[in-house]
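S.K.: structure, please.
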Amino acid sequence: MKHILHSLVIFMAYNDLFIHSSIGATVSSELKLIHRHGDRTPIQCYPTDPYSNDTYWADGWGELTPRGKQRMYGLGKYLRKRYQDFLSSNPREVQIRSSAADRCLESVALVMAGLYRPEGRWQWNNDLGHQWQPFPIQTEPRDVDGMLNSGSKCLAAEQELTRIHNSPEYLQYVDQSKDILNYVSSNTGLNITDLNGAEEVFDTLLIEKENGYPLPRWASDATTYEKLSQISDMTFYFDFSTQLVQRLRTGLLLKDIIKHMNETVNRKHDTQLALLLNALNVFDRKSPPFGSTIMIELRQSNGKPMIEMFYLNNTESEEPIALTLPNCMNATIECHFQQFVQSVNHLIPGDWNQECHNNDSLSLATNTGL
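M.R.: This next block holds a predicted model:
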């Protein structure tokens with residue numbers, strides 16, 4: 001299972017963040033950010049892992065590391081620099097929605113600390129008040145969070161994933177990777193028969209390497225490491241490749257984006273990265289690194305509401321990639337808001353629980369005493 005959790009910030013934390021602001025007296029604009037959490041410790045280790053002892057991971061399993069904290073705080077400072085003419089110092093202009101995982105809640109809190117350093121009347125304490133201010137972060141239990149947790153309970157999505165893993169294209173790739181899967185199995189103590197098992201091992205190796213721990217000899221070979229990296233990238237392609245998976249796993253996020261932007265277009269001022277990029281046909285088939293952020297900007301251009309989208313896949317570079325949405329007219333960076341809505345309308349579910357067959361699975365569990 002993918003451990004992809006996010007926040008959404010709506011100026012609207014892979015997190016979900018919403019910021020609404022007004023530029024000028026009559027023109028309203030909106031910024032929506034969807035970002036992945038910062039660097040974390042491994043979710044789990046493999047049986048022969050030399051770093052499986054808790055002493056190697058003082059932060060705990062699957063938790064944000066000091067490097068991850070620095071990354072997310074730096075991301076907030078970068079976003080303040082990028083949008084300094086759009087944002088004010090008023091923290092009330094922000095709405096935040098995060099996955100319930102600790103690393104996501106901490107990540108989005110750090111982004112906000114870098115983004116909204118208290119000024120003037122927002123300084124509330126002589127010690128902390130000059131550095132930090134609290135933000136309300138909305139969340140949902142992970143198993144029912146269909147908007148930001150790609151592993152939330154959805155029977156139909158799970159069945160579709162099984163179908164994908166039995167498709168000719170997937171099975172052919174597994175067959176081509178048989179040698180490396182067998183090699184990794186023999187060295188980890190695991191029985192790896194599919195791509196996701198290899199992806200989980202690579203995730204652990206990548207984090208160990210980034211934390212300065214020498215990899216075991218079998219994994220330190222450049223060819224082995226690169227093959228595992230390629231397999232990891234391909235799992236993000238396969239697992240999110242069909243329209244049904246995209247509809248059930250990122251449709252609620254698209255629905256939320258459109259809802260808030262519709263309110264801005266009509267002047268009513270009331271994440272998951274790989275999935276969203278896949279659904280918009282702009283995915284580069286590379287697993288999103290820690291802190292990766294999608295920036296969706298809604299602005300007025302010649303009196304028309306237009307969307308521009310950027311992907312920051314390297315937080316240190318501070319050089320986001322402008323995304324050209326292929327379903328927009330003339331395939332330019334700017335996309336008319338209504339055209340964007342029409343291009344993703346087929347991915348937006350009506351009753352998500354009904355389409356997931358969650359009510360059916362609940363009824364089955366009740367009747368069988370599960």
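S.K.: which positions within stretch 167-178 qualify as buried?
M.R.: Across stretch 167-178, burial judged by 16 or more other Cβ atoms under 10 Å covers 170, 173-174, 177. Every residue, glycine included, has its C-beta placed from N, CA and C.
S.K.: before we move on, what about stretch 72-87?
M.R.: Neighbour-count burial for stretch 72-87 [16+ other Cβ under 10 Å]: 72-76, 78-80, 82-83, 86-87.
S.K.: determine how far it lies from the middle of the whole chain.
M.R.: The chain centre lies 19 Å from the centre of stretch 72-87; the measure is Cα atoms, centre = their mean, to the nearest Å.
S.K.: picking that back up, would you format the buried residues of stretch 167-178 as a markdown table with secondary structure, pLDDT and distance to Pro320 included?
M.R.: Shown next, in a markdown table, are the buried residues of stretch 167-178 (DSSP: H, G, I helix; E, B strand; the rest coil; pLDDT from 0 to 100; distance: Cβ to Cβ, whole Å):
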| residue | secondary structure | pLDDT | distance to Pro320 |
| --- | --- | --- | --- |
| Tyr170 | helix | 97 | 32 |
| Tyr173 | helix | 97 | 31 |
| Val174 | helix | 97 | 34 |
| Ser177 | coil | 97 | 33 |
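S.K.: nearest to Ile321 among these?
M.R.: Of all these, the one sitting nearest Ile321 is Tyr173; the distance, using Cβ to Cβ, is 26.6 Å.
S.K.: excluding its backbone neighbours, what's nearest that closest one?
M.R.: Leaving aside its chain neighbours, Tyr173 sits nearest to Met234 (6.4 Å; criterion: Cβ to Cβ, 6 or more residues apart in numbering).
S.K.: Leu248 too?
M.R.: Using Cβ to Cβ, 6+ apart and skipping the chain neighbours, the partner closest in space to Leu248 is Ala157 (4.2 Å).
S.K.: for the residue nearest to Tyr173, what are its contacts?
M.R.: Neighbouring residues of Met234 by Cβ atoms under 8 Å, 6 or more residues apart in numbering: 173, 195, 285.
S.K.: Three-state assignment for it, please.
M.R.: Judged by DSSP: H, G, I helix; E, B strand; the rest coil, the three-state class of Met234 is helix.
S.K.: picking up where we left off before, hang on, the residue nearest to Leu248 in a helix?
M.R.: Yes. Under three-state DSSP, Ala157 sits within a helix.
S.K.: correct me, but it touches Arg249?
M.R.: Yes. At 5.9 Å, Ala157 and Arg249 qualify as touching, with contact defined as Cβ atoms under 8 Å.
S.K.: so between the two, which is more surrounded?
M.R.: Arg249 (31 against 24; other Cβ atoms under 10 Å).
S.K.: any idea how far the strand or helix carrying that one is from the chain center?
M.R.: Using DSSP states H and E, Arg249 sits within helix 243-265. Relative to the chain's own centre, helix 243-265 is displaced by 14 Å; criterion: Cα atoms, centre = their mean.
S.K.: gap between Tyr56 and Ile207?
M.R.: 11 Å (Cβ to Cβ, to the nearest Å).
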